[in-house]
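Trainee: Everything below, folded, please.
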Amino acid sequence: MADRTSEPTGRPVLSGLLALVGVGLVVGLLAGLTALMVTKVLGVGADAGGSPQQARSQERLYIPDPVETESPSGPLMTLDPDSPTVAPDDTGSSSAPAAPITLSVGQAQVSPMGQIDLSGTYPRGEGAILQVQRLENGAWADFPVTVSVSGRTFATYVMTSRPGENKMRVVDTDTGTASNEITVTVG
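Mentor: Sure, this is the predicted structure:
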C-alpha cells in the first residue's frame, strides 16, 4: 500500500496565495507606519494654528482703498548717456521742423546676427505701428520688424548679417512720418 503522508494535502495554490496576501498586508502596514512616523518627525502637514479648518477660517484677503496718484514730472524714458545716438538729418534748411519720431540705437557695432536694440519716442503717435526700414542701394526697404508705440515710447531689436554700415529708420505705417536715421556697423 502507498503511504499517504508523503502526498501533499490541501490546496497548494490557495496556501501560496494566502501567504502572499499575508506578506503584502504586513509590508503595507509597516510602510504606512514608517511614513506616518516620518511625517510626524519632520512636521509635514502640521500647521502652527491648529487644524486645517481653523487655518482656513482665519485667512483674510485685504484690498486697500484706491488712492489718487500724481503723474510723473520727469522724463518717461531715459537713455544711457554713453550710448551712441544719431541726431535727425540736417537737410540744410533752417525752416524744417525736427522729426516727431526720435530713434536711437543701443550699439554702434555688432557682430553678424548680433542684437541691435532700437528705441525712441513718438509724442504724437500713441498706438501707432512703426515699420523698421534699412537703406539698401539708395532706397529705403522694409525690414521684417514692426513695433507699436505705447506711452509715447517704443523699443524693439533687429538682427542682420549684412556686413558694413547699416542705416536704419522707422516709419509710421499710417502717416508715413519717418524718424531720423541711425547707423550700425556689422562685422
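Trainee: ok, then the element right after the worst-scoring helix or strand of the chain on mean pLDDT?
Mentor: The weakest-scoring helix or strand in the chain, judged by mean pLDDT, DSSP states H and E, is helix 52-58 (a mean of 56). Once the chain leaves helix 52-58, the next helix or strand it forms, by DSSP states H and E, is strand 102-105.
Trainee: which ones are touching the residue nearest in space to the middle of the chain?
Mentor: The centroid of the chain falls nearest to Thr156 when counting by C-alpha atoms, centre = their mean (14.9 Å). Contact analysis of Thr156 by C-beta atoms under 8 Å, 6 or more residues apart in numbering lists Asp117, Leu118, Ser119, Val132, Val145, Thr146, Val147. (Glycine included, C-beta is placed from N, CA and C.)
Trainee: rerun at 6 Å
Mentor: Contact partners of Thr156, counting by C-beta atoms under 6 Å, 6 or more residues apart in numbering, are Leu118, Val145, Val147.
Trainee: out of these, who's nearest Gln107?
Mentor: Leu118 (10.0 Å; C-beta to C-beta).
Trainee: mind giving me the domain ranges of the chain?
Mentor: 12-58, 102-186 (automatic domain parsing).
Trainee: Need the ones you listed in JSON lines (columns: distance to Glu68).
Mentor: JSON lines is the format used below for the domains of the chain (distance: least, C-beta to C-beta, whole Å):
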{"stretch": "domain 12-58", "distance to Glu68": "33"}
{"stretch": "domain 102-186", "distance to Glu68": "20"}
